[in-house]
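*Asks:* model this:
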Amino acid sequence: MKIVQKKIALVACSNGLGHIRRLIILSQELIKLGAIPTLFAPLKSVNKLTRSIGGKLPELYDFDSHTTVDDWMSGDAFTWYKYLPNLSGYDQVVSDNLVEILLVRSDAWLMGSFFWHESLVDFNIKQKSDLRRMLLSHRPKIISSTLFSAPYLSNYAHLYNVGLFSSKQYIRKCFKKDKRVLIACGMGGDVIDQAKSFVNWLAREKDIPFDTVYVEPCIIPNDPPKWMVPASFTKSMYDSIFAAVIRPGIGTITDSLCAGARIFTFFEKGNLEMQVNSKIIDDAGVGCGGFEIKDAWLNACNYCKSGIMQINHEKNINKLDFDGVEKAAQLLL
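*Replies:* As a prediction, this is how the structure comes out:
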């Protein structure tokens, strides 16, 4: 059913690529329903993601919110909203993970599974108090994937829980003949050195249980063995993987789970968001949480060799919902 055309502004947090990925996928669903979305995100990041996501793109406004973890901790991220253009011409405004949008549009929707001021341990105390008051005063609507929703969200907002934000359907492949694994460190954290060192060691190994190892391009050795390939992060790459050794950002988690892959995590200590995400996939029975990449790799190798573990994984992954993008679009329209 076609919906009366609405102009919708989608404002992305620029920390990593997961927030932008989610809004690109949502924008494509909104376009299908007859809406006119505009994505406010860094052009460079959008171009990188669209090569893997594909599909029709929304109108784009090149906008960097400068809200990385380092920006929040240094105190440089609190005025990002002042650099937005006038949003009064939009019927709906959606902000992915950035609460301050309420100072621009009090009727804005929020999207995300957590708030920065609740997740970062050393967040500015005064700003944390101000943001909590702002949320309690406005009680905005927030759309969150049920699997990752922080328990405190409903204390501050009208919470709408949906499934995972997927642009593709889950694919059964637990018993696929070819065993392929992804190693990815993402762009939003501080684990690149750890991951690069590990991959250099792995490239010298002779006996691994996987046929192909896809590796984040920024950490792959200059002269890798034939079985080690730069990760393209395209749909076809994800569709082929059997397991994923990753820093657990929600975007990479979602794409991996949609492919039927089991997840093995590594991440920087002190990052509460990554710690929570890792525990969630562990509790859901679709992954194994941990800090160190070497441990994650060993767990992935054990999984590759165990038919019983693969059967149990498939049972657990079939319990998940992947309807987030459809439900979110319907809520907004």
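
*Asks:* all strands of the chain, in order?
*Replies:* Using DSSP state E, the strands of the chain run over residues 7-12, 36-41, 59-62, 92-96, 109-111, 141-145, 158-162, 180-184, 212-215, 228-230, 243-246, 262-265, 287-288.

*Asks:* Those strands: which one's closest to residue 321?
*Replies:* Nearest to residue 321 among the strands of the chain is strand 158-162 (7.7 Å), distances taken as CB to CB. C-beta coordinates here come from the backbone N, C-alpha and C atoms, glycine included.

*Asks:* Paired strands for the closest one, with orientation please.
*Replies:* strand 141-145 (parallel) (DSSP bridges).

*Asks:* what's the distance between the strand it pairs with and the middle of its chain?
*Replies:* 14 Å (CA atoms, centre = their mean, to the nearest Å).

*Asks:* if you average pLDDT over it, what comes out?
*Replies:* For strand 141-145, mean pLDDT rounds to 97.

*Asks:* repeat for stretch 202-212
*Replies:* pLDDT averaged over stretch 202-212 gives 94.

*Asks:* Just the terminal-to-terminal distance for that stretch.
*Replies:* End-to-end distance for stretch 202-212: 12 Å, by CA to CA, to the nearest Å.

*Asks:* what comes into contact with that stretch?
*Replies:* For stretch 202-212, contacts defined as CB atoms under 8 Å, 6 or more residues apart in numbering pick out 178-181, 183, 213, 221, 224-225, 227-229, 240, 242-243, 297, 301, 304-305.

*Asks:* List only buried entries from these.
*Replies:* Buried by 16 or more other CB atoms under 10 Å: 179-181, 183, 213, 224, 228-229, 240, 242-243, 297, 301, 304, out of the contacts of stretch 202-212.

*Asks:* Give me the below-cutoff pLDDT ranges for the protein.
*Replies:* Counting by pLDDT under 70, the low-confidence segments of the chain come to 1-4, 168-177, 187-189.

*Asks:* where along it do the helices fall?
*Replies:* Here the chain has its helices, by DSSP state H, at 18-32, 43-53, 69-74, 116-119, 125-138, 153-156, 192-202, 235-240, 250-258, 272-283, 293-304, 307-317, 324-332.

*Asks:* List just the one of the ones you listed that sits closest to residue 106.
*Replies:* Taking the helices of the chain one by one with CB to CB, helix 125-138 is closest: 5.8 Å.

*Asks:* quick check: angle from that closest one to strand 141-145?
*Replies:* Relative orientation of helix 125-138 versus strand 141-145 (axes from the mean of the first three to the mean of the last three CA atoms, to 10 degrees): 110 degrees.

*Asks:* Extract the C-alpha trace of helix 125-138 and format it as PDB.
*Replies:* What follows is helix 125-138, C-alpha atoms only, in PDB (Å, rounded to 0.1, in the frame of the first residue of the first chain):
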ATOM      1  CA  ILE A 125      28.400  14.400  35.000                       C
ATOM      2  CA  LYS A 126      26.600  17.700  34.300                       C
ATOM      3  CA  GLN A 127      25.900  16.800  30.700                       C
ATOM      4  CA  LYS A 128      24.600  13.400  31.800                       C
ATOM      5  CA  SER A 129      22.200  15.100  34.200                       C
ATOM      6  CA  ASP A 130      21.100  17.600  31.600                       C
ATOM      7  CA  LEU A 131      20.400  14.900  29.100                       C
ATOM      8  CA  ARG A 132      18.400  12.800  31.500                       C
ATOM      9  CA  ARG A 133      16.200  15.900  32.400                       C
ATOM     10  CA  MET A 134      15.700  16.600  28.700                       C
ATOM     11  CA  LEU A 135      14.500  13.000  28.000                       C
ATOM     12  CA  LEU A 136      12.200  13.100  31.000                       C
ATOM     13  CA  SER A 137      10.800  16.400  29.900                       C
ATOM     14  CA  HIS A 138      10.100  15.400  26.300                       C
END
